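> Here you go, sequence then predicted model.
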Amino acid sequence: EDPRNYSPETVSGVEPQNGQAPQPKSKQLQSMSVGNFAAQYPTLKPIVIDGLLREGETANIIASPKVGKSWLVYGLALSVATGRDWLGTFATTAGKVLVIDNELHPETIVHRIPTVADAMSILTEEYQDTIDVVSLRGNLANVHSIESFVTSTNPGKYKIIVVDAYYRMFPSGVSENDNA
């Protein structure tokens, strides 16, 4: 049985309602023996960044404002787009990258990616067709409003999806400093 088919106990989740704040929803949970669980999931998901991230997983890069997080993720995007080691340490699996930017002007993005590529000795031809960009500057969107775009993308099309800046993707009324 698939543990994603929930039953006996209930867990609250959230689901957006027509652009409104998320409303709680219930799911049923079901247990499974470790043996059955292992039989259903016998192998790890494929590596994206060796030692850090596998397909379908989420990673957050968190630091104080204006310390270079966006620059760091451009390096990550370029590393995955070209199959180079990230930070000279972590092997990557090459694949297409989607950058969803909710903060910078398109002209700034167009300037920054080649700047990082030059610093990494990566030629434009190596990444120009393997990194897609969605610029939301001036058309601010939250995680719920981009959900249909992301979920309508063919599974496997992108090796990674970068969302920058995460805090600008919070729905109205949500604080990044609120543990709830």
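Thanks, I have it. Numbering: from 1, shown residues only.
> For the nearest residue to I62 once chain neighbours are set aside, give me phi and psi.
Counting by C-beta to C-beta, 6 or more residues apart in numbering, I62 lies nearest to K69, which is 8.0 Å off, once chain neighbours are set aside. The way it works is simple: take the backbone N, C-alpha and C, and place the C-beta from them, glycine included. Dihedral angles of K69 (phi, psi; degrees, to the nearest 10) stand at phi -60, psi -40.
> ok, now which ones touch K69?
Residues in contact with K69 (C-beta atoms under 8 Å, 6 or more residues apart in numbering) are I61, I62, A63, D164, A165.
> Just want the most central residue of the chain.
I161 (4.1 Å; C-alpha atoms, centre = their mean).
> Within the helices and strands, which one has Q28?
For Q28, the host element (DSSP states H and E) is strand 23-29.
> can you check S148 too?
Using DSSP H and E, S148 maps to helix 143-152.
> Return the list of helices and strands in contact with the helix or strand just after that helix.
Downstream of helix 143-152, the next assigned helix or strand under DSSP H and E is strand 160-164. Other elements packing on strand 160-164 under the criterion 3 or more C-beta pairs under 8 Å, 6 or more residues apart in numbering; DSSP states H and E are helix 69-82, strand 97-101.
> Would you mind identifying the next helix or strand past the last one?
Where DSSP H and E defines the elements, the next helix or strand beyond strand 97-101 is helix 106-119.
> Need the contact partners of stretch 46-62.
44-45, 69, 72-73, 76, 79-80, 86, 90-93, 95, 159-160, 166.
> Pull out the buried members of the residues you listed.
69, 72-73, 76, 79-80, 86, 90, 92-93, 95, 159-160, 166 (16 or more other C-beta atoms under 10 Å).
> Show me the shaky parts of this structure.
Within the chain, the set of residues satisfying pLDDT under 70 comprises 1-26, 144, 165-180.
> try 90 this time
Along the chain, the model assigns pLDDT under 90 to residues 1-28, 30, 56-66, 68-70, 100, 102-104, 136-156, 163-180.
> Which single one of the buried ones among the contacts of stretch 46-62 is nearest to S148?
Ranked by distance to S148 (C-beta to C-beta), the buried ones among the contacts of stretch 46-62 are led by Y166 at 18.8 Å.
> still on that earlier bit, out of the contacts of K69, which end up buried?
Among these, those classed as buried by 16+ other C-beta under 10 Å are D164.
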